[in-house]
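**Q** For reference, the sequence and a predicted model appear below.
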Amino acid sequence: MKLALKLALKFLHLVVVTLLLVAPAQAATDIMWWHAMSGELGKQLEKLAADFNASQSDYRIVPAYKGNYTETVTAAIFAFRSRSQPAIVQVNEIATATMMAARGAIYPVFELMRDQSEAFAPSAYLPAVAGYYADVDGNMLSFPFNASTPILYYNKDMFRSAGLDPSESPKTWPELGVVAKRLRAAGAMCGVTTSWPSWINVENFSAFHNLPIATKANGFSGLDAQLIFNNPLVIRHIAQLAQWQADKTFDYSGRGQAAEPRFQKGECGVFIGSSGTRADIKANSKFEVGYGMMPYDPDVQGAPQNSIIGGATLWVLRDRPRAEYAGVAKFFAYLSRPEVQAAWHQNTGYLPITRAAFDLSRTQGFYDRNPGASISIEEVTLKPPTDNSKGIRLGSFVLIRDVIEEELEQVFAGKRSAQAAMDNAVERGNRLLRQFERANPDR
């Protein structure tokens, strides 16, 4: 009888062990992340997701490219209406005020991290980055991801051919004009071009010279802000670019990143664009690349001030299963690790969002090995930000930027004066601000 009992117990034990061995492991919770990064940057983003997925087995971040920033946020809005929205969506920085107004759709990141008991302190992040995405109480509403600022790139090979010093980047706009004309005389198709026309030639130009884009601290202090960037210095700058356009000293290349390939192909000797394009430029340029800060106007007292960031941030959308939010919080905690942020910064050119990542990059000797890689950080921290240089928080600014760029195109085509164009842009933009204000009376 005892023998039979022992055999039965042994058989039962074998059955339990076998069931445990063959039972399928619990499936990881999928978390959709809609983003706007393609090319080399898209590859780096996918690597981030893959590395996080490999670091644990409970959650799986699933990145999905949805087009440019506007297309991505538009897709998320339509998806929210049909309850098919992702948990995470990448949104460009100028849409911050618009996202803040969508209170029922967003899950503020500081609340998410608190609810999930994940460490999250705004003081750990670079002030120029954290302040852009925080409310008046300093609570971060979204997770800073790809923060960039404009820097100057130049073709050292073309500088040598034109008899220019390849170790020196032009520091001021007058110096850049002289350099660009020399490049043209040496056979360059164009001297200088810029990407993101409004971001660089109006928004960052203003911040770098401590000039307001709008009242109310560029919108940070209230929805009743008024655009006022049609000042003499901005108008003089735009008029100068238009004058240079006549002989291709400056050559307008289009909106967004349309100018970048022209620099990579050796058409233009100088390019002012996002620090976040460094990975693409390094991968695709067949010449030695030099780096410098944005030019400034030497006639302006106190210039240069500091540049402002661009790029995008990660917003969390509501009405997803609870399990997904635990994974999102884990993912954001992972992205904040110094070694993860340092690698992202070093591989892309985007700013390190935390002080620890910047310090780690420095101790690793990254800046010593890569001259110019610290320029973006030096620019945004050049001086303590003022109300004119801490960023822009204006409703419907995606549309306002389109208006500014429409007017700039009229100037560069010789169809409108810089004064008339900037006056038009301010008038049209203020109408959009008032529409946004009326649509959000409770903010």
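**A** Done, it's in.
**Q** which residues sit against stretch 431-443?
**A** By C-beta atoms under 8 Å, 6 or more residues apart in numbering, the surrounding residues in contact with stretch 431-443 are 97-98, 100-101, 214, 223-227, 394-396, 399-400, 403. Any C-beta I mention is one placed from the backbone N, CA and C, and that applies to glycine too.
**Q** chain center to it: distance?
**A** Taking the mean of its C-alpha atoms, stretch 431-443 sits 25 Å from the chain's own mean (C-alpha atoms, centre = their mean, to the nearest Å).
**Q** ok, now which ones touch the residue nearest to Ile213 when sequence neighbours are not counted?
**A** Counting by C-beta to C-beta, 6 or more residues apart in numbering, Ile213 lies nearest to Phe229, which is 5.0 Å off, once chain neighbours are set aside. Contact analysis of Phe229 by C-beta under 8 Å, 6+ apart lists 202, 206, 211-214, 422, 425-426.
**Q** redo that, cut-off 10 Å
**A** By C-beta atoms under 10 Å, 6 or more residues apart in numbering, Phe229 lies in contact with 198, 202-203, 205-206, 211-214, 218, 235, 404, 422, 425-426, 429.
**Q** Among these, which pair sits farthest apart?
**A** Pairwise distances across the contacts of Phe229 (C-beta to C-beta) peak at 18.7 Å, for the pair Asn218 and Ile235.
**Q** follow-up on the earlier one: now do the SS call for the residue nearest to Ile213.
**A** Counting by DSSP: H, G, I helix; E, B strand; the rest coil, the backbone at Phe229 sits in coil.
**Q** tell me the pLDDT at it?
**A** Here the pLDDT value assigned to Phe229 is 98.
**Q** Then Pro371?
**A** Note on Pro371: pLDDT of 80.
**Q** Not counting its neighbours along the chain, what's nearest it?
**A** According to C-beta to C-beta, 6+ apart, the nearest residue to Pro371 is Tyr291 (7.2 Å).
**Q** and the one you found, what helix or strand is that in?
**A** strand 289-292 (DSSP states H and E).
**Q** quick one on the thing from earlier: out of the contacts of stretch 431-443, which end up buried?
**A** Neighbour counting by 16 or more other C-beta atoms under 10 Å classes 97-98, 100-101, 214, 223, 225, 227, 394-396, 399-400, 403 among these as buried.
**Q** Adding secondary structure and distance to Glu379, write those out as JSON lines.
**A** Converted to JSON lines, the buried ones among the contacts of stretch 431-443 look like this (DSSP: H, G, I helix; E, B strand; the rest coil; distance: C-beta to C-beta, whole Å):
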{"residue": "Ala97", "secondary structure": "helix", "distance to Glu379": "24"}
{"residue": "Thr98", "secondary structure": "helix", "distance to Glu379": "26"}
{"residue": "Met100", "secondary structure": "helix", "distance to Glu379": "26"}
{"residue": "Ala101", "secondary structure": "helix", "distance to Glu379": "30"}
{"residue": "Ala214", "secondary structure": "strand", "distance to Glu379": "22"}
{"residue": "Leu223", "secondary structure": "coil", "distance to Glu379": "29"}
{"residue": "Ala225", "secondary structure": "coil", "distance to Glu379": "25"}
{"residue": "Leu227", "secondary structure": "strand", "distance to Glu379": "24"}
{"residue": "Leu394", "secondary structure": "coil", "distance to Glu379": "22"}
{"residue": "Gly395", "secondary structure": "coil", "distance to Glu379": "27"}
{"residue": "Ser396", "secondary structure": "coil", "distance to Glu379": "27"}
{"residue": "Leu399", "secondary structure": "helix", "distance to Glu379": "27"}
{"residue": "Ile400", "secondary structure": "helix", "distance to Glu379": "24"}
{"residue": "Val403", "secondary structure": "helix", "distance to Glu379": "26"}
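**Q** any chance of those in a markdown table, plus distance to Thr277?
**A** As requested, the buried ones among the contacts of stretch 431-443 are exported to a markdown table (distance: C-beta to C-beta, whole Å):
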| residue | distance to Thr277 |
| --- | --- |
| Ala97 | 26 |
| Thr98 | 25 |
| Met100 | 28 |
| Ala101 | 30 |
| Ala214 | 27 |
| Leu223 | 33 |
| Ala225 | 30 |
| Leu227 | 28 |
| Leu394 | 25 |
| Gly395 | 28 |
| Ser396 | 26 |
| Leu399 | 24 |
| Ile400 | 24 |
| Val403 | 25 |
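**Q** With just CA atoms, put stretch 406-424 into CSV.
**A** What follows is stretch 406-424, C-alpha atoms only, in CSV (Å, rounded to 0.1, in the frame of the first residue of the first chain):
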residue,chain,number,x,y,z
GLU,A,406,4.6,80.9,-46.3
GLU,A,407,5.5,84.5,-45.8
LEU,A,408,9.3,83.8,-45.8
GLU,A,409,8.8,82.0,-49.1
GLN,A,410,7.2,85.2,-50.5
VAL,A,411,10.3,87.2,-49.5
PHE,A,412,12.8,84.7,-50.9
ALA,A,413,10.9,84.6,-54.2
GLY,A,414,11.1,88.4,-54.4
LYS,A,415,7.4,88.9,-54.2
ARG,A,416,7.1,90.6,-50.8
SER,A,417,9.4,92.8,-48.6
ALA,A,418,10.6,91.4,-45.3
GLN,A,419,8.7,94.1,-43.5
ALA,A,420,5.4,93.2,-45.2
ALA,A,421,5.9,89.5,-44.8
MET,A,422,6.6,89.6,-41.1
ASP,A,423,3.7,92.0,-40.5
ASN,A,424,1.4,89.6,-42.4
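**Q** residues in contact with the most centrally placed residue in the chain?
**A** Nearest to the geometric centre of the chain sits Gly311, at 0.9 Å (C-alpha atoms, centre = their mean). Residues near Gly311 by C-beta under 10 Å, 6+ apart: 69, 90, 92-93, 129, 132, 144-149, 274-276, 350-351, 353.
**Q** how is this protein carved up into domains?
**A** Domain ranges of the chain: 29-147+310-374, 150-308+380-439, per the TED database.
**Q** can you tell me which of those the model trusts least?
**A** domain 29-147+310-374 (a mean of 93).
**Q** what sits up against the strand holding Tyr291?
**A** Here strand 289-292 has contacts from 151-157, 159, 165-171, 176, 263-264, 270-272, 275, 278, 281-282, 349, 370-376, using C-beta under 10 Å, 6+ apart.
**Q** among the residues you listed, which are in strands?
**A** Using DSSP state E, the members of these that fall in strands are 151-155, 270-272.
**Q** And stretch 291-302, how far out from the chain middle?
**A** Offset of stretch 291-302 from its chain centre (C-alpha atoms, centre = their mean): 22 Å.
**Q** Give the buried residues for it.
**A** 291-297.
**Q** Kindly report the same for stretch 65-75.
**A** In stretch 65-75, counting by 16+ other C-beta under 10 Å, buried: 65-66, 69-70, 72-73, 75.
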